[in-house]
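Engineer: need coordinates for the below:
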Amino acid sequence: MGSETRGPQGFETAIHSGPNTVAEFHQRRSVVSQLRQLLHQTPSIVPLIVLVAATIVFGIILGGRFFSAYAMTLILQQVAITGIVGAAQSLVILTAGIDLSVGAIMVLTSVVMGQFTFRYGLPPFFSVACGIGVGALIGYINGFLVARVKLPPFIVTLGMWQIVLATNFLYSANETIRAQDIETQAPLLQVFGETVRVGGAVLTYGAIMMVVIVCVLAYVLRHTAWGRHVYAVGDDPVAAELAGVQVKRILISVYVLAGIICALAGWALIGRLGSVSPTSGQFENINSITAVVIGGISLFGGRGSIIGMLFGALIVGVFSLGLGMYGTDPQWTYLLIGMLIIAAVAVDQWIRKAAA
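Structural biologist: This is a model prediction of the structure:
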């Protein structure tokens, strides 16, 4: 024999009579609570919904022009640089840090690739390798100061942003290397600006590289020990260290990898522009943070998906292209993206209560 009684706060108590009487408590969770738990486990759902909704709305308003294969792939081309830099930013933010120097690293490494080729006459492949090495070195310095010296990531990368930006202008003497010179003497530097056609779609190799980087990092973060350690460090570094995670090594490796990815973005930037310009890409640090936040990665670390970051970058691309095709003032794009950023942070705070 047994009976059930309803207790306070949505709990049901099942009382079973017999030789061994046991009281079982089952919590009945509301739909809102279940939704919050789902979003906590899969935070990329929200930006995916926003991306699909925005695409449908602009498709209805603009008709077949917006849904054409060319328009869809144009969005990928436009967000390629932001997506690559956003991948680097995602790694750092997952560790509860932030990197304000990513845009400056990207530009400096592109300048190094160009100057090493045209000023010193080095083979383009070696110049690219040197640029990637510079990105890794700057990332290591950032990681060392954060992990070993225990300086706040915001302060370290803010200072590094200024240092790298000044170094960029001093080293390049504000000189732009023309696209014609690169095309005739070092076409390897422009390789990520070349296109490939798939039916009516036109993809640049830079856009393809962005997708590859995001997919590889998504797999690594979810299915390797290093990736799980990145999440653990961002969630609770003290608990992670007690569990045997080498927190300092993980942090340094994250910043080094971020620097390397930014260097690859610098290479893609040359392909996108066709030239090497020390004044380009100055706002990619802000654009990358925007993509990360809208993509559902928590600024508090330890939660989020790099696929969500890609969705966030694509949302910005959809709004930019859609509003541009509609003929509205570009400021409307900034207004809507600003609202999305605030909404994304508010949703993140609400979702975080599911873990409490």
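Engineer: can you tell me which helix or strand V202 belongs to?
Structural biologist: Under the criterion of DSSP states H and E, V202 resides in strand 201-204.
Engineer: if you could redo that for N287, that was the one I meant.
Structural biologist: Secondary structure (DSSP H and E) places N287 in helix 284-294.
Engineer: contacting residues around the residue nearest the centre of the chain?
Structural biologist: Compute the mean C-alpha point of the chain, and by C-alpha atoms, centre = their mean the closest residue is G86, 2.9 Å away. Applying C-beta atoms under 8 Å, 6 or more residues apart in numbering to G86 gives the contacts 287-288, 291-292, 295, 309-310, 312-313. (C-beta placed from N, C-alpha, C; glycine too.)
Engineer: which other helices and strands does the host helix or strand of A346 contact?
Structural biologist: Remark: A346 resides in helix 331-352, with elements defined by DSSP H and E. Helix 331-352 sits against helix 31-41, helix 45-62, helix 284-294, helix 306-326, with contacts defined as 3 or more C-beta pairs under 8 Å, 6 or more residues apart in numbering; DSSP states H and E.
Engineer: what angle sits between it and helix 45-62?
Structural biologist: 150 degrees (axes from the mean of the first three to the mean of the last three C-alpha atoms, to 10 degrees).
Engineer: list the contacts of helix 331-352.
Structural biologist: Contacts of helix 331-352 (C-beta under 8 Å, 6+ apart): 36, 39-40, 43, 46-47, 50, 290, 293-294, 296, 298-300, 303, 312, 315-316, 319-320, 323-324.
Engineer: buried ones among those residues?
Structural biologist: By neighbour count, with 16 or more other C-beta atoms under 10 Å, the contacts of helix 331-352 hold 36, 39-40, 43, 46-47, 50, 290, 293-294, 296, 298-299, 303, 312, 315-316, 319-320, 323 as buried.
Engineer: same for the helix holding N287, what does it pack against?
Structural biologist: helix 69-94, helix 102-118, helix 306-326, helix 331-352.
Engineer: can you pull the buried residues of that helix?
Structural biologist: Under 16+ other C-beta under 10 Å, the buried positions of helix 284-294 are 284-285, 287-294.
Engineer: could you do stretch 192-212 as well?
Structural biologist: 192-193, 201-207, 209-210.
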